[in-house]
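**Student:** the following block contains a protein sequence and its predicted model.
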Amino acid sequence: MNQNLRRLLWLLLALIAVVYAALACLHTIADFDTGWHLATGRYHFQHHAIPSTDVLSYTSAGAPWLYPPFAGAILYAVFHAFGYSGLTWFCVGASALLALCLLWRAVPAWSLTCAALLVIAVPSLAYRLTPRADLFTTLFFAIVLSELWRFHRKRSARLWLLPIIMFLWVNLHPGFIAGIGLLIAYLLLETLELPFSGLRQEASHRIAKAWPWLAAGAAATLLNPFGVGALQQALSLAGASGSQTPARFIGELSSAPLSWHLIPQAFHLRNPDSGFLWLLAASAAALLFALRRREFGAALLLGLAMAAAVQKLRYQGLFAIIVIVVAGTLLSEAFAELAPRLRSWRSATLPCAAVALVGFLCILATLRISDLASSRYFVVSSSTSSFGPGESWWFPERAAAFIEREKLPGNIFQPYNLGGFAALRLGPHYLDYIDGRGVSAEVSAEEQLLASQSPDSGFWQQVADRRNINIILLSLARYAGLGGVDLNAYCGASTWRPIYLDEVSLVLIRRTAQNQPWLDRLALNCQSAQLTPPPNPSKAESYNFLANSGAVLYALSRDAEAEAAWHKALDLEPDDPNVHLFLAQLYQQQQNPADAEREFRAALSRRESAAAWYGLGRLLAMQHRYPEAERAIANSIALTSTPANQYKALAQVQLRLNKPAQALDNLLAAEHVGPPSSDSSPSACEFRAQLAEGRAEAARQSGDLRRAIELQQEATRQTPQSASRWRKLADLATSANQPDIAADATRHAQSLDAAAQR
């Protein structure tokens, strides 16, 4: 290809890539962890000190806590000067800088392949470029990898940067452990070339030249306020020595669902998430080429990166960088090797193909930029952000202002997802209950128990007394908020009373004599409270108000008002799949299956999701349309990283279809991904009972009544208070001519029925 044409195409693709990368981060700030990073930075500025113990939470006050200090200070300085809008623009600049670095230091120079991979990788990179300390890990990882890879490929590199970068990195984010991993990976990369005579001399020369800088980079990580403790803390957060933060809270620690069902989605031009599949394909192709060239170090690096990205969503950004830098080089060289064999194509066809590919990628990026600017991407992907700078609608700002204005006394309980917000917005006057640092496993377990019990329970009152909890602040946002709240239980509690309600938050105060002045003046009835829209709202604000209001009203069983709010929301954003999903659930509850199915399919036509397929499958099963239900639930399994309930439901449908063997396979799969055997909570026992009952039915269908009885007995052991399971055991025993077991099971069922009637 003509060199001038190549450079022109590269410039065009590079420009669109940088613009796309920048705009992908131009959205409102909604990250759970941003708040506690900013609160920590505020502490640095106010006290001119680096805390080594918890200063944000009253439940863990004084507990040891080590965290690199400078990221919070930098982010807070930006926030203090420019607010949430400044943080948005900070991320925009970081994203553009990352894109420029990957393009500028690409091997070979002017690499169309690397630029094309960057366009595809933008969503994966933007996912990690939020205003939190992890942003610096993404940037530094790209710089260190680019320089080491350039040196390995015999290009000019600035290895003197390594100790500087590692010093900054260790003081900005625990992810510096990934930098140490890169230094080790580079040595492994070169070492694996030593056995080959044609590669040994140059590899030895590079190791000799690089090792002082590698050693200096590793040593620089000791230059931090905590010394070796920083490494121990980094290993802990990475999961190597026991994570401090419970994985149940963190979506990015879940695995990426992969199945053949996803292949058609790879060709959906308006689905940015499909880019991950293309990056996996590019990495696999580059890995095979590396093996063919006996570049085993590069192949190993790509293989490990692919495995990490599939196992944990957290690593997809770093994986994308490895694909651009390493796979981009290998694929460029593969194309260069292939070109001489296509001499008849070289004069016209290859340049035309390159122009067509660049043109397609420019159109693709332009389409996705348009979806960003119109907020369509955020609506369809169920994001808590919207396009433009500033703060997300998700945060309960008005509730926080209410708490401050009313000077409510005592400590505040707030769930994990609000911890960062509470630490920043209400601290230091009100310390938070728990936040994203996950300092105390005891508090994490306590928070989970509180969330699962009625606020009138004895456990709630015990904890409130012990911790002086006088206020409850809950998120009612339709994403990452309301789903974990039994709103009617809180609104109807006798020991707590709601005193503030809006479409994204609820505030309650403890019912005590000391709080009576606030109760007399502020107590409200959730069944009649009106949700007030923001003044002079934009289209996005109106839409989010209506969508959230519908979710809150539905949770309060105010169905007519919820339906009206959702229809108004769809008038503003008809492509929102989740509002259609909400309506489907409403119609299903109202026993209106035709309208429910229409809304489920409307949601799926906008965006396929595990929740929509699962809901549709359960609806079809209720209508005895079992073959359709089987396909729908199988589709749901393909799209979720937590498929325990889906496997169980699929098995139940297959039992209806007299497919006991397939049902047993799916019950086993459900057991593998379901609650651990050590979990003795009521929900876990019920889950295991349903599995045992399903296996009992499969055994019955296979003619093994003895085994069916044993499995049904296991179901009764898991849930001894279930009269229906005792009756089913009695029926099985009667069929198997075992009257003693049948009589005993019948007595249990009758005793439970009598107790229920009393």
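**Tutor:** Here it is on my side, so go on.
**Student:** from here on, contacts and neighbour counts on C-alpha atoms
**Tutor:** Will do.
**Student:** which SSE is the closest residue to residue 180 other than its chain neighbours in?
**Tutor:** By the measure of CA to CA, 6 or more residues apart in numbering, the closest residue to residue 180 outside its immediate chain neighbours is residue 218, 6.4 Å from it. For residue 218, the host element (DSSP states H and E) is helix 197-220.
**Student:** likewise for residue 508?
**Tutor:** Going by DSSP H and E, residue 508 is in strand 505-510.
**Student:** what helices or strands is that strand leaning on?
**Tutor:** On a contact count with 3 or more CA pairs under 8 Å, 6 or more residues apart in numbering; DSSP states H and E, strand 505-510 meets helix 397-406, strand 469-475, strand 496-502.
**Student:** which parts of the stretch 1-150 of the chain are helices?
**Tutor:** Along the stretch 1-150 of the chain, counting by DSSP state H, counting those that start in this stretch, helices occupy 3-24, 34-47, 70-104, 112-128, 134-152.
**Student:** how many neighbours does the nearest residue to residue 743 once chain neighbours are set aside have?
**Tutor:** Spatial nearest neighbour of residue 743, chain neighbours left out: residue 730 (6.9 Å); criterion: CA to CA, 6+ apart. By other CA atoms under 10 Å, the residues close to residue 730 number 27.
**Student:** what does residue 602 give?
**Tutor:** Residue 602, neighbours per other CA under 10 Å, totals 21.
**Student:** kindly report the same for residue 605.
**Tutor:** Going by other CA under 10 Å, the residues that sit close to residue 605 add up to 12.
**Student:** return the distance of the helix holding residue 218 from the chain's centre.
**Tutor:** Counting by CA atoms, centre = their mean, to the nearest Å, helix 197-220 is centred 38 Å from the centre of its parent chain.
**Student:** show the secondary-structure elements that that helix is packed against.
**Tutor:** Short answer (3+ CA pairs under 8 Å, 6+ apart): helix 197-220 packs on helix 161-170, helix 176-191.
**Student:** give me every residue that touches the residue nearest to residue 180.
**Tutor:** By CA atoms under 8 Å, 6 or more residues apart in numbering, the contact list for residue 218 reads 163, 166, 180, 183.
**Student:** which of those residues lies closest to residue 440?
**Tutor:** When these are compared for distance to residue 440 (CA to CA), residue 180 wins out at 27.6 Å.
**Student:** any idea of the pLDDT on the closest one?
**Tutor:** Residue 180 is assigned 96 on the pLDDT scale.
**Student:** for residue 159, see how far away it is.
**Tutor:** Going from residue 180 to residue 159 by CA to CA, to the nearest Å gives 14 Å.
**Student:** okay, those two: which has more neighbours?
**Tutor:** When neighbours are counted by other CA under 10 Å, residue 159 comes out ahead of the other of residue 180 and residue 159, with 20 against 17.
**Student:** is the more buried one in a helix, a strand, or coil?
**Tutor:** coil (DSSP: H, G, I helix; E, B strand; the rest coil).
**Student:** which one is it nearest to, not counting chain neighbours?
**Tutor:** residue 213 (6.2 Å).
**Student:** quickly find the element holding the closest residue in space to residue 728 that isn't next to it in sequence.
**Tutor:** Leaving aside its sequence neighbours, residue 728 sits nearest to residue 712 (CA to CA, 6+ apart; 7.7 Å). Assigned by DSSP H and E, residue 712 belongs to helix 705-718.
**Student:** what about the helix or strand just after that helix, distance to the chain center?
**Tutor:** Downstream of helix 705-718, the first helix or strand assigned by DSSP H and E is helix 723-735. Distance, stretch centre to chain centre, for helix 723-735: 43 Å (CA atoms, centre = their mean).
**Student:** give me the mean pLDDT for helix 723-735.
**Tutor:** Helix 723-735 comes out with an average pLDDT of 95.
**Student:** hang on, the earlier thing: for residue 567, which of the helices of the stretch 1-150 of the chain is the nearest?
**Tutor:** helix 3-24 (29.1 Å).
**Student:** ok, and what's touching the closest one?
**Tutor:** Contact partners of helix 3-24, identified using CA under 8 Å, 6+ apart, comprise 92-93, 95-96, 99-100, 103, 110-112, 115-116, 118-119, 122-123, 126, 355, 358, 361-362, 365-366, 369, 372.
**Student:** for PyMOL, what selects the buried ones among these?
**Tutor:** Selection of buried members from those for PyMOL, criterion 16 or more other CA atoms under 10 Å:
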select buried, resi 92+93+95+96+99+100+103+110+111+112+115+116+118+119+122+123+126+358+361+362+365+366+369+372
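**Student:** just to revisit the earlier point, near the residue nearest to residue 728, how many other residues are there?
**Tutor:** 27.
**Student:** so, low pLDDT: which residues of this protein?
**Tutor:** Within the chain, the segments meeting pLDDT under 70 span 1, 238-262, 342-348, 758.
**Student:** can you give the domain ranges for it?
**Tutor:** 3-30+66-164+262-380, 397-522 (automatic domain parsing).
**Student:** ok, now how distant is the nearest residue to residue 65 once chain neighbours are set aside from residue 394?
**Tutor:** Once flanking residues are discounted, residue 65 sits nearest to residue 53: 4.6 Å by CA to CA, 6+ apart. Between residue 53 and residue 394 the computed distance is 29 Å (CA to CA).
**Student:** in terms of neighbours, single out the busier of those two.
**Tutor:** Using other CA under 10 Å, the more surrounded residue of residue 53 and residue 394 is residue 394, with 25 against 15.
**Student:** these two touch, right, the more buried one and residue 504?
**Tutor:** Yes. Between residue 394 and residue 504 there is a contact under CA atoms under 8 Å: 6.8 Å.
**Student:** does residue 276 touch residue 125 like I think?
**Tutor:** No. Checked against CA under 8 Å, the pair residue 276 and residue 125 is beyond contact range at 10.5 Å.
**Student:** now residue 284: how far from residue 301?
**Tutor:** In this structure, residue 284 and residue 301 are 11 Å apart, going by CA to CA.
**Student:** ok, back up a step: helices or strands next to the helix holding residue 712 in the packing?
**Tutor:** Here helix 705-718 touches helix 682-701, helix 723-735, going by 3+ CA pairs under 8 Å, 6+ apart.
**Student:** check contacts around residue 479.
**Tutor:** Shown in contact with residue 479 (CA under 8 Å, 6+ apart): 382, 383, 384.
**Student:** name the SS class of it, please.
**Tutor:** coil.
**Student:** roughly how far does it sit from residue 270?
**Tutor:** Counting by CA to CA, the gap from residue 479 to residue 270 is 22 Å.
**Student:** repeat for residue 477
**Tutor:** For residue 477 relative to residue 270 (CA to CA), the value is 26 Å.
**Student:** neighbour count winner among the two?
**Tutor:** Higher neighbour count among residue 477 and residue 270: residue 477, with 25 against 18, using other CA under 10 Å.
**Student:** list the residues that contact that one.
**Tutor:** Taking CA under 8 Å, 6+ apart, we find residue 477 in contact with 394, 503, 504, 505, 548.
**Student:** go again using 10 Å as the cut-off
**Tutor:** Residue 477 makes contacts with 384, 393-396, 483, 502-505, 544-545, 547-549, 551-552, as judged by CA atoms under 10 Å, 6 or more residues apart in numbering.
**Student:** equivalent analysis for residue 745, please.
**Tutor:** Shown in contact with residue 745 (CA under 10 Å, 6+ apart): 713, 716, 723, 725-731, 733, 739, 751.
**Student:** separate out the buried members of those.
**Tutor:** Buried by 16+ other CA under 10 Å: 713, 716, 723, 725, 726, 727, 728, 729, 730, 731, 733, out of those.
**Student:** residues near residue 36, how many?
**Tutor:** Neighbour count of residue 36, defined by other CA under 10 Å: 25.
**Student:** then residue 560?
**Tutor:** That count, for residue 560 with other CA under 10 Å as the rule, works out to 12.
**Student:** what about stretch 426-435, distance to the chain center?
**Tutor:** In terms of CA atoms, centre = their mean, the centre of stretch 426-435 is set 24 Å apart from its chain centre.
**Student:** could you list the buried residues of that stretch?
**Tutor:** If you call a residue buried by 16+ other CA under 10 Å, then stretch 426-435 has these buried ones: 426, 427, 428, 430, 431, 432, 433, 434, 435.
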